[in-house]
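> A structural model of the following input is requested.
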Amino acid sequence: MQVALEAGAEDVVPSADTSVEVLADPLEFATVRAVLTHHGFAPATAEVTRRAATSLELSGDDAQAMVQLLEALERLEDVRDVYSNVEISDEILASL
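Residues are numbered from 1 along each chain as shown. So this is what the prediction gives:
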């Protein structure tokens, strides 16, 4: 965590699966990645992506409709990436 922050990362977010997500300004991406790799923290994946400042938790019919919409968008040939600020619990996703 300290190496990432000293390299210019804005935040380090631990996950339940023992991985971490390092958040950095897109302009600092290459530097942060290089410093982490140099210190032996080679990322499994690394990309510049969009991240919503706020999120919205959905459940029930709203969650189902949103999942269907996101899946439909992802299937479109001309769409490269789909971003969303929606939070849907794993339990609800499993039931869909």
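
> Going by C-alpha atoms from here, please, whenever you check contacts or count neighbours.
OK.

> State which helix of this protein is the longest.
helix 60-75 (DSSP state H).

> Only the buried residues of that helix, if you could.
Neighbour counts over helix 60-75 (16 or more other CA atoms under 10 Å) mark 63-64, 66-67 as buried.

> what does that helix rub up against?
Contact with helix 60-75 is made by 79-82, 88, 92, 96, as judged by CA atoms under 8 Å, 6 or more residues apart in numbering.

> what's the answer for stretch 15-27, then?
Counting by CA under 8 Å, 6+ apart, 4, 8-14, 32, 48 sit against stretch 15-27.

> swap the cut-off to 7 Å and go again
8-14, 48 (CA atoms under 7 Å, 6 or more residues apart in numbering).

> Can you select the buried ones from the contacts of helix 60-75 in PyMOL?
Here is the PyMOL command that selects the buried residues among these (16+ other CA under 10 Å):
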select buried, resi 88
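
> taking the contacts of helix 60-75 one by one, which sit in strands?
Among the contacts of helix 60-75, none falls in strands (DSSP state E).

> picking up where we left off before, neighbour-wise, which of the contacts of stretch 15-27 leads?
When neighbours are counted by other CA atoms under 10 Å, residue 9 leads the contacts of stretch 15-27 with 21 neighbours.

> Can I get the longest helix of the chain as PDB, trimmed to CA atoms?
Written as PDB, here are the backbone C-alpha positions of helix 60-75 (Å, rounded to 0.1, in the frame of the first residue of the first chain):
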ATOM      1  CA  GLY A  60     -35.600  -6.600  -7.200                       C
ATOM      2  CA  ASP A  61     -37.100  -5.700 -10.600                       C
ATOM      3  CA  ASP A  62     -34.800  -2.700 -10.900                       C
ATOM      4  CA  ALA A  63     -31.700  -4.800 -10.500                       C
ATOM      5  CA  GLN A  64     -33.000  -7.400 -13.000                       C
ATOM      6  CA  ALA A  65     -33.800  -4.700 -15.600                       C
ATOM      7  CA  MET A  66     -30.300  -3.100 -15.100                       C
ATOM      8  CA  VAL A  67     -28.500  -6.500 -15.500                       C
ATOM      9  CA  GLN A  68     -30.500  -7.100 -18.800                       C
ATOM     10  CA  LEU A  69     -29.700  -3.600 -20.100                       C
ATOM     11  CA  LEU A  70     -25.900  -4.000 -19.300                       C
ATOM     12  CA  GLU A  71     -25.800  -7.400 -20.900                       C
ATOM     13  CA  ALA A  72     -27.500  -6.100 -24.000                       C
ATOM     14  CA  LEU A  73     -25.100  -3.200 -24.300                       C
ATOM     15  CA  GLU A  74     -22.100  -5.600 -23.900                       C
ATOM     16  CA  ARG A  75     -23.400  -7.800 -26.700                       C
END
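
> Alright, I will stop here.
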